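[1] predicted model and sequence follow; I will ask about them next.
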Amino acid sequence: MKYNVIVVGSGPGGYVAAIRASQLGLKTAIVEREALGGICLNWGCIPTKALLKSAEVFNYLSHAEDFGIKVKGADADLEAVIKRSRTVAEGMSKGVQFLMKKNKIDVIMGSGRLARGKKVEVTDEKGTVTTYEGEHIILATGARAKALPNIPIDGKKVIEYRKAMVPEKLPKSLVVIGAGAIGVEFAYFYNAMGTKVTVIEFLEQGLVPREDHEVSKELKRQFTKSGIDVLGNTAVEKVDTTGKTITVTAKDRKTGNITEIKCDLVLSAAGVASNLENLGLETLGIKTERDKVLVNEWYETNVGGIYAIGDITEGPALAHVASAEGIICVEKIAGHHPEPLDYGNLPACTFSQPEIASVGMTENQAKEAGIDIKVGKFPFTASGKAKAVGHPEGFVKLIFDSKYGEILGAHMIGHGVTDMIAEIVLARKLEATGMELIKTVHPHPTMSEAIMEAAAAAYGEVIHL
């Protein structure tokens, strides 16, 4: 029962760390209380994308005549849509099982808790406790939906994202509280499937409040066009679930005006909370701040040999960030010399329609930092590929340092942009300049040409505007 590395949690941080540890010759075990792949593969990233694809296909069928095709009687079968999503998730989880076997990683099912002497006590579903010893223990327990104090989640009238993925029936009306990636994606899905959706966001910018202000404005325009009501800079004062319908009382934070919204269902999507309970952190004296474990640049806690990665640490709660942290952590454990993660060059993606992708500084952040900048923007209305595929909405916006041509940030909204952002992430890592982006030949006709054109727009050399 002794291992070089024990990983607690098998999400995209945990299972990736375990695989890398095994590749580096370390005897490895992974502890999981529910299903391999964690929230991401089972209840987050992957199955939500399956739901969103079904919504996109249904939307295509509803507008098939725009493409010269007549479709009669298209109808969304909610049960089949959910079944497909769950099948995709189950397949991915089985894929992780295969990877564990392939890499000779011991899978221990149960809830893990730290014990003194670099040990993990695992309680299985029968209540049996087994103790395992590890030279290095990595905590990767992820996060769950955050409950707001004045909005109790009862799982029936007020739900969180897991329930939102498997509704028994489509509500006629839905209020989404929170307009980050989770809220926006579910708002798109339910609206596309025929539900009347209202989105309420506390922060002033409204939709996707951490994105560039022009991206937020464009998404609101597209959501409004599709029939979604958006209330930004608005606080939810009360959610009354006592009647047949739910009454959400919201207050405009600028004017003080009160709005009452009647709906059938409320989705609380106001962020996530770290899973730190019952981990035994206090037993070992591991330091935390708010609901985050404090770690160094190699993800080691104040207790030697105990590490934490992913959503339970200060970095952004993103699957690809957790994976990157897990790899760096394990490579350091194995005696390698990895580079610390550059948290200023991490892509973020939102998979609504239109999609959103970004990296680096927003225009406002660059200005607030006192940097003299060049900004280039290219709308997809001027893109031949975007026009041809029926998605002329959105744009690519690039921000450069005027003096050196450094790419400070990229902000995209439009069809397929989540598959385009990696070009800018790589360009920033390699310290490419705006002029180098302009001189990089992009294939035609593609959506990615907008990157080259946006760079050219910043330098007054744009061709197709």
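    Thanks, I have the structure now.
[2] what's near enough to touch residue 410?
    Neighbouring residues of residue 410 by C-beta atoms under 8 Å, 6 or more residues apart in numbering: 357-360, 396-399, 421, 424, 451. Yep, even glycine has a C-beta here, placed from its N, CA and C like the rest.
[3] from residue 417, how far off is the closest residue in space to it that isn't next to it in sequence?
    Leaving aside its sequence neighbours, residue 410 sits nearest to residue 424 (C-beta to C-beta, 6 or more residues apart in numbering; 4.1 Å). Applying C-beta to C-beta, to the nearest Å, the value for residue 424 to residue 417 is 11 Å.
[4] likewise residue 426?
    Using C-beta to C-beta, one gets 16 Å for the distance from residue 426 to residue 417.
[5] look at those two and report which has more neighbours.
    residue 417 (26 against 11; other C-beta atoms under 10 Å).
[6] surely the more buried one meets residue 446?
    No: using C-beta atoms under 8 Å, residue 417 is not in contact with residue 446, being 11.9 Å away.
[7] ok, back up a step: these two touch, right, the residue nearest to residue 410 and residue 400?
    No: using C-beta under 8 Å, residue 424 makes no contact with residue 400, being 11.4 Å away.
[8] ok, the spatially most central residue of the chain - contacts?
    Among the residues of the chain, the one closest to the centroid is residue 318, at 5.1 Å (C-alpha atoms, centre = their mean). Neighbour list for residue 318: 346, 348 [criterion: C-beta under 8 Å, 6+ apart].
[9] and the pLDDT for it?
    Residue 318 is assigned 95 on the pLDDT scale.
[10] how close does it sit to residue 210?
    12 Å.
[11] now do the shared contacts for these two.
    Residues touching both residue 318 and residue 210 (C-beta under 8 Å, 6+ apart) are residue 348.
[12] how many neighbours does the closest residue to residue 253 other than its chain neighbours have?
    Distances taken as C-beta to C-beta, 6+ apart place residue 233 nearest to residue 253, at 4.8 Å, with adjacent residues excluded. Around residue 233 there are 17 other residues, counting by other C-beta under 10 Å.
[13] what residues sit buried inside the longest strand anywhere in the chain?
    Longest strand in the chain by number of residues (criterion: DSSP state E): strand 129-139. Within strand 129-139, the residues that count as buried by 16 or more other C-beta atoms under 10 Å are 132, 134, 136-139.
[14] report the mean confidence score over it.
    97.
[15] next secondary structure after that strand?
    Of the helices and strands lying after strand 129-139 in sequence (DSSP states H and E), the nearest is strand 143-145.
[16] so what secondary structure elements neighbour that next one?
    Strand 143-145 sits against strand 272-274, with contacts defined as 3 or more C-beta pairs under 8 Å, 6 or more residues apart in numbering; DSSP states H and E.
[17] and residue 142, how far from residue 455?
    In terms of C-beta to C-beta, residue 142 sits 37 Å off from residue 455.
[18] give me the more crowded residue out of the two.
    Higher neighbour count among residue 142 and residue 455: residue 455, with 31 against 25, using other C-beta under 10 Å.
[19] follow-up on the earlier one: the longest strand of the chain pairs with which strands, parallel or anti?
    If you go by DSSP bridges, strand 129-139 pairs up with strand 2-8 (parallel), strand 119-123 (antiparallel), strand 306-308 (parallel).
[20] buried residues, the first one. List them.
    Counting neighbours by 16+ other C-beta under 10 Å, one finds that the buried residues in strand 2-8 are 3-8.
[21] what's next to the helix or strand following that strand, contact-wise?
    On the C-terminal side of strand 2-8, the nearest following helix or strand under DSSP H and E is helix 14-23. Helix 14-23 has contacts (C-beta under 8 Å, 6+ apart) with 4-5, 7-8, 10, 28-30, 32, 36-38, 96, 99-100, 103-105, 138, 140, 309-310, 322-323, 326-327, 329-331, 333-334.
[22] restricted to helices, list these.
    When DSSP state H is applied, those are split such that 38, 96, 99-100, 322-323, 326-327, 329-331, 333 fall in helices.
[23] may I see these arranged in a markdown table, with distance to residue 291, pLDDT and neighbour count as well?
    Formatted as a markdown table, the ones in helices among the contacts of helix 14-23 follow (distance: C-beta to C-beta, whole Å; pLDDT from 0 to 100; neighbours: other C-beta atoms under 10 Å):
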| residue | distance to residue 291 | pLDDT | neighbour count |
| --- | --- | --- | --- |
| 38 | 18 | 91 | 29 |
| 96 | 26 | 96 | 26 |
| 99 | 30 | 97 | 17 |
| 100 | 29 | 97 | 22 |
| 322 | 16 | 97 | 29 |
| 323 | 21 | 98 | 22 |
| 326 | 20 | 98 | 29 |
| 327 | 24 | 98 | 20 |
| 329 | 20 | 98 | 28 |
| 330 | 24 | 98 | 30 |
| 331 | 27 | 98 | 19 |
| 333 | 25 | 98 | 23 |
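[24] now do the SS call for the nearest residue to residue 195 once chain neighbours are set aside.
    Nearest residue to residue 195 in three dimensions, chain neighbours excluded: residue 174, at 5.1 Å (C-beta to C-beta, 6+ apart). Of the three states, residue 174 takes strand under DSSP: H, G, I helix; E, B strand; the rest coil.
[25] what does the model give residue 174 for pLDDT?
    On pLDDT, residue 174 comes in at 98.
[26] also residue 423?
    Looking at residue 423, its pLDDT reads 98.
[27] go on, residue 1?
    Per-residue confidence (pLDDT) for residue 1: 83.
[28] numbering from 6 from now on, please.
    New numbering, starting at 6: the last item is residue 6.
[29] which residues touch it?
    So residue 6 contacts 135-138 (C-beta under 8 Å, 6+ apart).
[30] kindly recompute the last result at 7 Å.
    136-138 (C-beta atoms under 7 Å, 6 or more residues apart in numbering).
[31] ok, back up a step: can you give the contact residues for the longest strand of the chain?
    The contact list for strand 134-144 (C-beta under 7 Å, 6+ apart) reads 6-14, 22, 34, 113, 119-120, 123-128, 284, 298, 310-314, 317, 334, 338.
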